[in-house]
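*Asks:* This is the structure alone, sequence omitted:
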């Protein structure tokens, strides 16, 4: 694949991001929506290429920046698609009912929704910002408010610890993570890695 080609492979994302996206896609499909992954990982070469297009093609901005979470393997562009006049068609409408459902589900799995940005909203875009591209665990030093809130809600659901889902990873969140991990006799390191995340969202 050329460095300027579009990539739709889920496998190119960070392992934690893959888990969250696959869980979200499961729920999206279960709700009767046919999702289309538009783009996952984007090389910096491609990001620069898109920016170099003048940021406008046929009146539509391609990208506003040379810095993107896509290059960190923690972002997805995702839209609904449905049959219109006998042809499967991608829906690029933030006010579309199915688009709104996708946004709600993705937020529930810890993604920041571009549709909710106050400036330059981007409804197909979902990202995990502030998290290492190579990290294999979420924790107090590798998280953001969206991921933390998702983990807090999942912990409350699984072990009924009564965490305040404020998106702040404090000592109570670490303690709850360790309580959950202890059920599987895993090291109580306060981290939510790949296997912990699978169990937590399973």
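*Replies:* Yes, it's here. Keep in mind that what you see is a predicted model, and the values were worked out from it rather than measured.
*Asks:* Tell me the buried residues in the longest strand along the chain?
*Replies:* As assigned by DSSP state E, the longest strand anywhere in the chain is strand 75-84. Within strand 75-84, the residues scored as buried using 16 or more other CB atoms under 10 Å are 75, 76, 77, 78, 79, 80, 81. For every residue, glycine as well, the C-beta is placed using N, CA and C.
*Asks:* from the chain's centre, how far out does that strand sit?
*Replies:* Centroid separation for strand 75-84 versus its chain: 15 Å, with CA atoms, centre = their mean, to the nearest Å.
*Asks:* What of stretch 77-92?
*Replies:* 21 Å.
*Asks:* Quick one: mean pLDDT for that stretch?
*Replies:* The average pLDDT for stretch 77-92 rounds to 95.
*Asks:* For the longest strand of the chain, enumerate the helices and strands it packs against.
*Replies:* Contact here means 3 or more CB pairs under 8 Å, 6 or more residues apart in numbering; DSSP states H and E; on that basis strand 75-84 packs against strand 35-39, strand 87-90, helix 97-108, strand 125-127.
*Asks:* Return the most buried member of the ones you listed.
*Replies:* Of all those, strand 125-127 has the most neighbours on average by mean count of other CB atoms under 10 Å, namely a mean of 25.
*Asks:* Listing partners with orientation, what would you give for the following helix or strand past it?
*Replies:* Per DSSP states H and E, the first helix or strand lying C-terminal to strand 125-127 is strand 137-138. Strand pairing for strand 137-138, determined by DSSP bridges: strand 192-193 (antiparallel).
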